[in-house]
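S.K.: how would this look folded up:
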Amino acid sequence: MWDFVLITMAVVGCQARPSSEPQVALHVTLLSGLEGDGLDLPCYHATQPTTQPDAVIHWDRIGGAALPTGSSTTADGSLRIPRLVPVNGGLYECRLGDHQTNSSHPGHVQRVIQVIVIPAPTSPPAN
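M.R.: Residues are numbered from 1 along each chain as shown. The predicted structure is shown next:
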């Protein structure tokens, strides 16, 4: 029931003229799920465990929207959305937080995920 499509892409800023400022690569993972199904958003790649075992994982939606109703962080740091609805689509970010203050550190973004909610199939009208 937790089927999803996982696509990772990198977006790198381009400039028409040379600059002394460093370019920043933003890696965005695309996940899609069917409306009504559950979806897990992984904070780390399977080959990239956290190097800070006492770190606290923080999930936020980019743009300020609230996390989905009923969502929770799993033991491995994934964000579990139990039942997708259309408003759950959008950008999510996972950050490492400070265990003692329970606050997130700017600059410690681990992953950005674009969630796409696929509308549930509808039955054709009866003839």
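S.K.: Now do the same contact list for the closest residue to residue 34 other than its chain neighbours.
M.R.: Closest residue to residue 34 apart from its sequence neighbours, by C-beta to C-beta, 6 or more residues apart in numbering: residue 118 at 5.1 Å. C-beta: built from backbone N, CA, C; applies to glycine. The neighbourhood of residue 118, defined by C-beta atoms under 8 Å, 6 or more residues apart in numbering, consists of 32, 33, 34, 35.
S.K.: longest strand anywhere in this protein?
M.R.: In the chain, assigned by DSSP state E, the strand with the most residues is strand 104-118.
S.K.: For that one, which strands pair with it and how are they oriented?
M.R.: Next to strand 104-118 in the sheet, as set by DSSP bridges, lie strand 25-34 (parallel), strand 90-97 (antiparallel).
S.K.: Give me whichever of these is most buried.
M.R.: Across the strands paired with strand 104-118, averaging neighbours per residue (mean count of other C-beta atoms under 10 Å) puts strand 90-97 on top, at a mean of 19.
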